[in-house]
Structures are given as C-alpha cells and as structure tokens.
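Peer 1: Coordinates for the following, if possible.
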Amino acid sequence: MTRSEQLFEEAARYIPGGVNNPLRSFAETGQTPRFIRRADESRVYDVDGHVYIDFVCSGGAALLGHNPPLVRKAVLEAVQNGLNYEACAETELKLAKLIVQLVPSVQMVRMVSSVTEAILSAVCVARSVTGRKRLIKFSGCRHGSFDAVEGEGDSSGFSLLCGSDQDALVAQYNDLNSVERLFEKNKGQIAAVIIEPLAAHMGIVEPEPEFLQDLRKLCSQNKTILIFDETVTGFRLALGGAQEYYGVKPDMTIFGEIIGAGLPAGAFGGSRAIMEQLAPVGPVYQTDACNGNPVAMAAGFAQLSSVLNQPLLYEKLAREGEKLRAGLRGLFPQCTVGGVGSVSSLLFTPGPVKNDKDARSSDKGEFVRYFSHMLENGIFMMPSQFEPIFLSGAHTERDVEMFLEASAEFLA
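Peer 2: Model (predicted):
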C-alpha cells in the first residue's frame, strides 16, 4: 500500500469522503487521491516520491506557478509580523488599490476569505440595491459552494442564498431567450443575474458572439445587477479579466483565490454607489475575522504586481495554451477541445458544446481511462473532464509537449 493510500484510508475516517473538497475526490476514477507534499514552479511532489507536471495550478490561483520567489518572500515577511490582526492593515489597502487600478468596472472592493463568501455577500448587496429578491443563474456555471458539483441545472443550492427555490431561477448558458423568458415571467422581481463570463465548469465554453453584450443590455433595461463571477478568469484571461477580454462591464465582480496567490481569499467589487450598501456606511452587514488577512493580501499583492510588470506573460500563456489545444485537436478529432488563453478542456464528446446539456453527453468512461493514464505518466489534472486544464507562467513549451506526448501514448 502506498503512503497516499494509507493516508486516504485514515482520512476517510475523519473527513467526509476523505477529502475537504469533492472536486479532489478520485472516487469516480477508481484511483486514490495523491497526497501532495510540496509544490514548486510547474511541478507537484507527492508523499510517495512521485513528481507530476501540475495542470491544476491551485485551481487556477497559481498564475505564476507554485511558490514564486517574490510571493514567497512577501509571505515570509508578512508571517513574521503576525498571522491575522482582526484590524486594518496596509496590505489590504495596497491590494484593493491595485484591483481598482486593473479592473475598470470596480471602484471599491471588499476582501473576504472565500469565493462562497464573496458570492453570498454580493447577492445580498444586489438585493439591497434593487429591493428585489430573485436571482438568475445559468445551468452548469458553478458559484462557490452553492451548486451541486458539475452543475446539474437545479436551483437547490441557491435556495440557501435566496431564501426559496422560487427565488433562484435557472437559465441556459448561451441562450438569451431563456433569460428573456425569466425576466418576462418575473417582471420587476429580478435583483441580479450571476454568470461565469467564460463557462469553466462544463468544460471551457466560450460565450457566443454578442451573448454577454446582449445580457448586459437586458440587465440594464430591467435595472438588474449583472454579476460576473471571475473566480477562474479574473486576472487570468487579461489584467482586467474576462470583462476586459470580451469588452463587457458588469455591475459587480467576484474574485477568487488568485487575489491571494492561492492562500484563502476572495473579494467582490463594483461601483462606489453599489459597494457603499455595505456596513459601516450602508445596511448590508458583512463581517469575518479573516477579511483582508494580511498574509493572503501580501501574497496576492506580490503576485498581481509581478504580473503587472510582465507585459509578455499573457502572450506566453496564450501561445502555450493554443499549442496545447491544437495538439489535442489533432490527437482527438472526435472530441471537443475548448479554451481561451491559459485555460483549456478536453471533453469526450464530438460536440459542439454550447452549454451544460451538450457537455453532459461526454463519455465519462473514456475520460476515466484517460485520466488514469495521464496520472500514471506524470500529468496531474483534476479528476473531472469538466474542470479546467490550467497553465501558469512557470510552465514551459516542453511541459505542454510532455502533456501531448502522454496523450498520444494513451491513444496508442
């Protein structure tokens, strides 16, 4: 029995399913989760001495790769000053100013400890601004901990957030008519529309031309708050995120762990008028002892500052991402390869894939065989074909080639 197997057997006695995040479960693949001992640049190292090229990248948060020197230095300096204060610190101000500088739709930002907190708080603010209760989300788009894994299109997760199933309405991604019908049936009742501008949890599915633009117009016409969940895309597709990449400004934006360089962090932001709904200047009370944690803020500021000073980083990520996608298309002509920039996906279905209904036609059995082969050949991926394949600034063209070589061996 390997050390990972031993640890997992013990973990299953103390942690539900042996994992603290269902996305880490290897149950459907017939594998045992690898327990990681350390990570550096584009590699992760497990407790059994195996080395993997990492295409998980801390769920995309490790934009520069694992343990970059500038981030490590910032964290070590912050730790020497204390782990958390439950008081104001300069680091949170520095990061807030940088986010406002980089994301044009954001004039003010509130730091929290997780994406889930950011989404919960943003929707509460939207309800306060509009005086309405109902929320439209999109089937297959995942937002924090409120949805079933891989999104099955029901609204049960959001009932926690909105109060009842009637308050959580589900539209179809890339289908504006489905949104218009919900607005028509619920006139004057929709507080917010929340969407991943680039769908990243049904495989990578791009918005069709004008979809986001038309969604923006529809929300404006109905005086509804448009929320972009940029947990995956924020600062990754571009410095200004997907809203810069696609040229559409939301009213509010969700940011994920990338603002903490992988440490527990999240944030939400918007215009001054919207964000001043928050206490202590407004009626929406949002609080947590770890909001703006100084260590996470120092790490995030170091990462984003470094990205700002690397003007060719996005060009590099796009080039290597397209090399990966072109290689996969050549190897798997019967599959659907999606992606933009440094995020990609391989779905075992001929497609086309425009929404989660299309994605669900994917062959899970074939993916399980592929995943197991890649893991055994030193490629670390999420155990679901619907989750992104991430690249970081630490990845090289040779890393991409090794991914493609392992994929070619799978076919052989």
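
Peer 1: Strands of the protein, start to end?
Peer 2: Taking DSSP state E to define them, one finds strands in the chain at 36-40, 43-46, 51-54, 108-112, 134-138, 168-171, 190-195, 225-229, 252-255, 266-270, 336-340, 343-347, 379-380, 389-390.

Peer 1: got TSV for those, with distance to residue 355 too?
Peer 2: In short, each C-beta sits where N, CA and C put it, glycine included. Shown next, in TSV, are those (distance: least, Cβ to Cβ, whole Å):
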stretch	distance to residue 355
strand 36-40	33
strand 43-46	32
strand 51-54	29
strand 108-112	30
strand 134-138	8
strand 168-171	10
strand 190-195	12
strand 225-229	16
strand 252-255	21
strand 266-270	26
strand 336-340	12
strand 343-347	12
strand 379-380	28
strand 389-390	20
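
Peer 1: so where's the stretch 301-412 of the chain shaky on pLDDT?
Peer 2: Of all residues in the stretch 301-412 of the chain, none has pLDDT under 70.

Peer 1: before we move on, what about the chain?
Peer 2: 146-165.

Peer 1: Compare the strands of the chain and give me the one nearest residue 4.
Peer 2: Nearest to residue 4, of all these, is strand 43-46, at 6.1 Å by Cβ to Cβ.

Peer 1: Tell me how many other residues crowd the residue nearest to residue 91 when sequence neighbours are not counted.
Peer 2: Once flanking residues are discounted, residue 91 sits nearest to residue 297: 3.9 Å by Cβ to Cβ, 6 or more residues apart in numbering. The number of residues packed near residue 297 is 28, by other Cβ atoms under 10 Å.

Peer 1: got it, and residue 126?
Peer 2: Counted with other Cβ under 10 Å, residue 126 comes out at 26.

Peer 1: looking at it, it is touching residue 191, isn't it?
Peer 2: Yes - in this structure residue 126 lies within contact range of residue 191 using Cβ atoms under 8 Å: 4.9 Å.

Peer 1: Between the two, which contacts overlap?
Peer 2: 135, 225 (Cβ atoms under 8 Å, 6 or more residues apart in numbering).

Peer 1: any idea how far the residue nearest the centre of the chain lies from residue 184?
Peer 2: Residue closest to the average C-alpha location in the chain (Cα atoms, centre = their mean): residue 232, at 2.8 Å. Residue 232 sits 31 Å away from residue 184, going by Cβ to Cβ, to the nearest Å.

Peer 1: If you count neighbours, what's buried in the longest helix seen in the chain?
Peer 2: For the chain, the helix that runs over the most residues, judged by DSSP state H, is helix 313-331. Buried residues in helix 313-331, counted by 16 or more other Cβ atoms under 10 Å: 313-314, 316-321, 323-325, 327-328.

Peer 1: And stretch 182-197, by the same measure?
Peer 2: Using 16+ other Cβ under 10 Å as the test for burial, stretch 182-197 gives 182-183, 186, 189-197.

Peer 1: and the angle from the longest helix of the chain to strand 343-347?
Peer 2: Angle, helix 313-331 to strand 343-347, by axes from the mean of the first three to the mean of the last three Cα atoms, to 10 degrees: 10 degrees.

Peer 1: I figured residue 241 hits residue 230, correct?
Peer 2: Yes - with contact defined as Cβ under 8 Å, residue 241 counts as touching residue 230 (4.6 Å).

Peer 1: how long is stretch 236-252 from one end to the other?
Peer 2: End-to-end distance for stretch 236-252, by Cα to Cα, to the nearest Å: 18 Å.

Peer 1: Identify all contacting residues around it.
Peer 2: 60, 63, 102-105, 122, 125-126, 192, 197-198, 207, 212-213, 215-216, 219, 225-228, 230, 233-235, 253, 258, 268-271, 274, 307-308, 314, 340-343.

Peer 1: and the residue nearest to the centre of the chain, what does it touch?
Peer 2: By Cβ under 8 Å, 6+ apart, the contact set of residue 232 is 60, 196, 198, 200, 256, 343, 388.

Peer 1: now the nearest residue to the fourth one once chain neighbours are set aside: how far from residue 49?
Peer 2: Right, the one you point to is residue 200. Leaving aside its sequence neighbours, residue 200 sits nearest to residue 232 (Cβ to Cβ, 6+ apart; 4.2 Å). Counting by Cβ to Cβ, the separation of residue 232 from residue 49 is 31 Å.

Peer 1: And for residue 259?
Peer 2: Remark: distance between residue 259 and residue 49 (Cβ to Cβ) = 33 Å.

Peer 1: Looking at these two, which one has more neighbours?
Peer 2: Legend: neighbour count by other Cβ under 10 Å for residue 259 and residue 49, higher for residue 259 (27 against 9).

Peer 1: does the more buried one really touch residue 95, like I thought?
Peer 2: Yes - the pair residue 259 and residue 95 passes the contact test of Cβ under 8 Å, sitting 6.7 Å apart.

Peer 1: hmm, back to that, save the buried residues of stretch 182-197 as JSON lines, and put in distance to residue 41 too.
Peer 2: Output for the buried residues of stretch 182-197, formatted as JSON lines (distance: Cβ to Cβ, whole Å):
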{"residue": "182", "distance to residue 41": "46"}
{"residue": "183", "distance to residue 41": "47"}
{"residue": "186", "distance to residue 41": "49"}
{"residue": "189", "distance to residue 41": "50"}
{"residue": "190", "distance to residue 41": "45"}
{"residue": "191", "distance to residue 41": "43"}
{"residue": "192", "distance to residue 41": "39"}
{"residue": "193", "distance to residue 41": "39"}
{"residue": "194", "distance to residue 41": "34"}
{"residue": "195", "distance to residue 41": "33"}
{"residue": "196", "distance to residue 41": "28"}
{"residue": "197", "distance to residue 41": "29"}
